[in-house]
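Q: pasting the structure only:
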């Protein structure tokens with residue numbers, strides 16, 4: 001796991017607390033190397049399990065927004081066979097989904113990629129369509145180390161993010177379907 005390079009922009013982190021309508025996250029990397037996840041990831045590699053007490057703050061935030069009727073959606077393009085990191089992330093998704101986040105996956109064979117979706121481009125759309133809405137491009141290095149989030153103001157880039165969101169949602173399967181569980 002790598003070091004987080006820069007502290008997140010406070011307006012980016014505040015946007016999660018203050019959203020009023022929705023969030024959408026597109027994830028495309030197969031490995032993220034986030035310093036704050038190091039201990040949890042290493043424990044998962046040793047045990048194959050996640051400590052349910054970890055990420056309680058995030059899941060409480062998800063539950064608060066979901067109970068208020070906000071749309072919380074995430075799509076991750078995952079190459080199979082899965083990396084160890086993706087196995088860990090999918091295990092974490094189960095708790096996020098239970099808290100109210102609609103998590104979907106696009107499984108593809110390694111070396112293939114869904115047409116119309118970016119490779120190695122992650123972003124968030126927060127309260128999209130509202131005057132207070134923001135778009136954030138995520139910056140990761142080649143090893144998945146997080147460098148920060150940059151607010152996107154260019155209308156053409158935001159429209160591209162929206163097209164990618166729509167394409168990802170159309171191609172994705174719900175987490176429970178992927179895991180072979182009843183929804």
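A: Good, I have the coordinates. Every value quoted in this text rests on a predicted model; they were computed, and no experiment measured them. Numbering: from 1, shown residues only.
Q: hmm, who's touching the worst-scoring helix or strand of the chain on mean pLDDT?
A: Least confident helix or strand, the chain: helix 10-18 with a mean of 87, by mean pLDDT, DSSP states H and E. For helix 10-18, contacts defined as C-beta atoms under 8 Å, 6 or more residues apart in numbering pick out 23, 61, 124, 126, 127, 134, 136, 149, 151. C-beta here means a position set from N, CA and C on the backbone, and glycine is covered the same way.
Q: burial count for the fifth one?
A: Translated: residue 127. 17 (other C-beta atoms under 10 Å).
Q: Could you measure from it over to residue 21?
A: Per C-beta to C-beta, to the nearest Å, residue 127 is found 5 Å from residue 21.
Q: do residue 141 as well
A: Taken as C-beta to C-beta, the span from residue 141 to residue 21 is 32 Å.
Q: beta partners for residue 76?
A: residue 27, residue 105 (DSSP bridges).
Q: Was I right to think it contacts residue 92?
A: No: using C-beta atoms under 8 Å, residue 76 is not in contact with residue 92; the gap is 11.1 Å.
Q: If you count surrounding residues, which of those two has more?
A: Using other C-beta under 10 Å as the criterion, residue 76 and residue 92 rank with residue 76 on top: 23 against 19.
Q: What residue, apart from its backbone neighbours, is nearest residue 60 spatially?
A: Distances taken as C-beta to C-beta, 6 or more residues apart in numbering put residue 99 closest to residue 60, at 7.6 Å, once the chain neighbours are dropped.
Q: go on, residue 28?
A: Sequence neighbours aside, residue 77 is the residue nearest to residue 28 in space, at 5.1 Å (criterion: C-beta to C-beta, 6+ apart).
Q: now residue 167
A: The nearest residue in space to residue 167 (C-beta to C-beta, 6+ apart) is residue 116, at 4.6 Å.
Q: returning to what we had before: what sits against the residue nearest to residue 28?
A: Applying C-beta under 8 Å, 6+ apart, we find residue 77 in contact with 26, 27, 28, 105, 106, 108, 113, 114, 117, 168.
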